[in-house]
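In: Here is my input; please provide its structure:
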Amino acid sequence: MLNINNNAARLKRELLMRIARLQLDGKLVDGVAAIPHELAPRGSASVRCCIYHDREILRMRIIARLGYGLEDYDETKELADYAEEALNREKPTWPMLTVLDEACNACVHTQYMVTNACQGCLARPCMMNCVKKAIHIQAGRAHIDGEKCINCGLCLQNCPYHAIIRIPVPCEEACPVGAISKDEQGKERIDYHRCIFCGNCMKECPFGAMMDKGQLVDVIKRLLAGEKVVALYAPAVAAQFRAAPGQLEGALLAAGFVRVWEVAIGADITAEHEAREFEERMERGESMMTTSCCPAYVRAVRRHVPELAPCISDTRTPMHYTAELAKSADPDCVTVFIGPCLAKRREGMDDDLVDYVLSVEEIGAFFVAKNIELTRIAIPTTVPDTIPTASGRNFARSGGVAEAVRVRLKESEHLKIALINGLNRAGMKQLDKYGKINAGSLPKTPDMPNLIEVMACEGGCIGGPSVITNPKVAAAQLDKYVATGAATKSDG
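Out: As a prediction, this is how the structure comes out:
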């Protein structure tokens with residue numbers, strides 16, 4: 001996984017913060033065009049060929065942060081016009097991902113290359129083991145014929161000097177379902193029919209060319225209008241900030257949200273329903289059930305492993321149940337889910353109870369723009385009316401959903417849990433295997449699991465594509481958050 005502390009991530013958050021600050025000051029339309037010049041001033045070192053190219057790329061990044069796709073980019077349209085349209089729309093439209101061609105490095109196809117560490121040794125195992133005879137020695141060094149090479153990697157495996165390297169295409173490598181490929185110009189394109197919106201491409205692209213379309217402008221607009229905007233924060237969000245219990249809620253209230261809902265409450269409801277559903281399915285003689293909380297996983301099955309679709313739990317996600325509680329408490333409220341996940345933004349578009357979805361990056365930038373420091377927020381002395389269970393809060397971690405279901409079962413001695421911790425290509429193969437078992441094309445085995453938890457992100461939601469904290473640090477923060485949860489109980 002690309003380290004979250006990198007320049008591409010820093011630039012993204014800087015743009016979000018500057019846009020939010022301008023909007024809060026009522027200067028977004030008039031001031032947005034100055035951002036590229038401020039970030040790439042005359043005389044500064046350029047990332048690309050010159051600062052003018054850098055500014056053009058910054059301009060396009062801003063357009064995506066304002067919630068627009070770049071596939072039909074109009075270079076004659078002013079940033080002020082994009083900003084004004086953003087302030088007048090209802091919400092950004094499908095799809096949530098866009099590709100910034102100008103930033104895309106048009107990486108070469110995945111290939112193997114001989115470095116100058118090659119010694120031109122007598123053994124020549126690279127050449128001797130190449131099944132396609134694609135390697136020859138020239139000027140005392142091995143050379144690979146790209147037309148003959150099939151990228152099998154045997155040369156890399158056999159070189160005693162580690163002189164052969166593999167050059168990957170990060171976004172293509174990260175996509176578990178083959179939804180990204182090059183067009184005739186060598187630029188990357190996303191097949192949205194195949195895409196599961198796991199966000200891996202966005203997380204792994206070193207050039208920041210894979211971009212999500214922001215919704216922060218839309219939420220700030222509703223807040224400034226004095227509407228009843230409520231925040232629904234996922235358990236993984238609590239792990240992203242080094243804050244004591246109650247400080248995140250206080251920060252969200254200070255930011256203008258009229259009420260804050262902890263989505264772990266919805267997680268308790270989901271766990272209870274999934275436990276009852278699992279018992280009913282086993283009583284009917286079904287062989288397995290999979291959890292339903294990760295929308296990227298659910299889409300992966302429906303698009304790529306349909307044989308497993310009947311096994312997906314019918315239970316709704318914690319986001320949905322929490323939004324349902326919020327709308328029941330106030331039908332006129334505007335619900336804003338906050339999480340580290342791109343797929344949740346897709347789910348939010350399909351859920352009438354969810355009005356907007358913000359990423360952790362967006363809410364973090366909003367806090368900075370509002371000069372809100374979480375550690376300085378007063379810790380509340382009153383106890384909330386409803387405290388989620390520890391297991392509900394632990395949904396953010398791989399294994400947490402299955403464990404929450406387990407503790408709610410009436411009898412768990414026949415439970416056999418399997419975890420798919422990250423939907424990489426190996427994870428997709430596991431899904432395919434379970435799909436074949438369910439379809440009857442592979443035999444069932446005595447040790448076959450009957451409850452399968454699938455998380456698209458390695459480590460769980462705390463490893464999502466929009467996190468701002470290293471997953472190891474977030475895991476430690478999550479432990480503290482979970483420890484303050486209520487004892488596990490059945491919520492009915």
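In: buried residues in stretch 260-272?
Out: Going by neighbour count (16 or more other CB atoms under 10 Å), the buried part of stretch 260-272 is 260-272. Backbone N, C-alpha and C define where each C-beta goes, glycine included.
In: So for the lengthiest helix in the chain, mean pLDDT?
Out: Identified as the longest helix of the chain according to DSSP state H is helix 264-283. Average pLDDT, helix 264-283: 97.
In: Which elements pack onto the next helix or strand after that helix?
Out: Following helix 264-283 in sequence order, the next helix or strand is strand 289-290 (DSSP states H and E). Judged by 3 or more CB pairs under 8 Å, 6 or more residues apart in numbering; DSSP states H and E, the packing partners of strand 289-290 are helix 264-283, strand 451-455.
In: Looking at the ones you listed, which is nearest to residue 170?
Out: Closest to residue 170 of the helices and strands packed on strand 289-290, according to CB to CB: strand 451-455, at 21.2 Å.
In: tilt between that closest one and helix 264-283?
Out: Angle, strand 451-455 to helix 264-283, by axes from the mean of the first three to the mean of the last three CA atoms, to 10 degrees: 140 degrees.
In: just how off-centre is strand 451-455 within its chain?
Out: Strand 451-455 sits 18 Å away from the centroid of its parent chain (CA atoms, centre = their mean, to the nearest Å).
In: buried ones in the following helix or strand past that strand?
Out: Downstream of strand 451-455, the next assigned helix or strand under DSSP H and E is helix 471-483. Judged by neighbour count (16+ other CB under 10 Å), helix 471-483 contains these buried residues: 471, 474, 475, 477, 478, 481, 482.
In: Next up, the contacts around the residue nearest to the third one when sequence neighbours are not counted.
Out: By the measure of CB to CB, 6 or more residues apart in numbering, the closest residue to residue 475 outside its immediate chain neighbours is residue 462, 6.1 Å from it. Shown in contact with residue 462 (CB atoms under 8 Å, 6 or more residues apart in numbering): 236, 239, 240, 340, 396, 397, 471, 474, 475, 478.
In: on that earlier part again, now the buried residues of helix 471-483 as CSV including pLDDT and distance to residue 313?
Out: Formatted as CSV, those follow (pLDDT from 0 to 100; distance: CB to CB, whole Å):
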residue, pLDDT, distance to residue 313
471, 86, 26
474, 92, 26
475, 93, 25
477, 92, 28
478, 94, 23
481, 91, 25
482, 93, 22
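In: quick revisit: of the contacts of residue 462, just say which sits nearest to residue 368.
Out: Nearest to residue 368 among those, with distances taken as CB to CB, is residue 240, at 13.7 Å.
In: is it true that the closest one lies in a strand?
Out: No. Applying DSSP: H, G, I helix; E, B strand; the rest coil, one finds residue 240 to be coil, outside a strand.
In: I'd guessed it sits against residue 361; true?
Out: No. At 9.4 Å, residue 240 does not count as touching residue 361 under the criterion of CB atoms under 8 Å.
In: In terms of neighbours, single out the busier of the two.
Out: Of the pair residue 240 and residue 361, residue 240 is the one with more neighbours under other CB atoms under 10 Å, namely 28 against 23.
In: Can you read off the pLDDT for the more buried one?
Out: 94.
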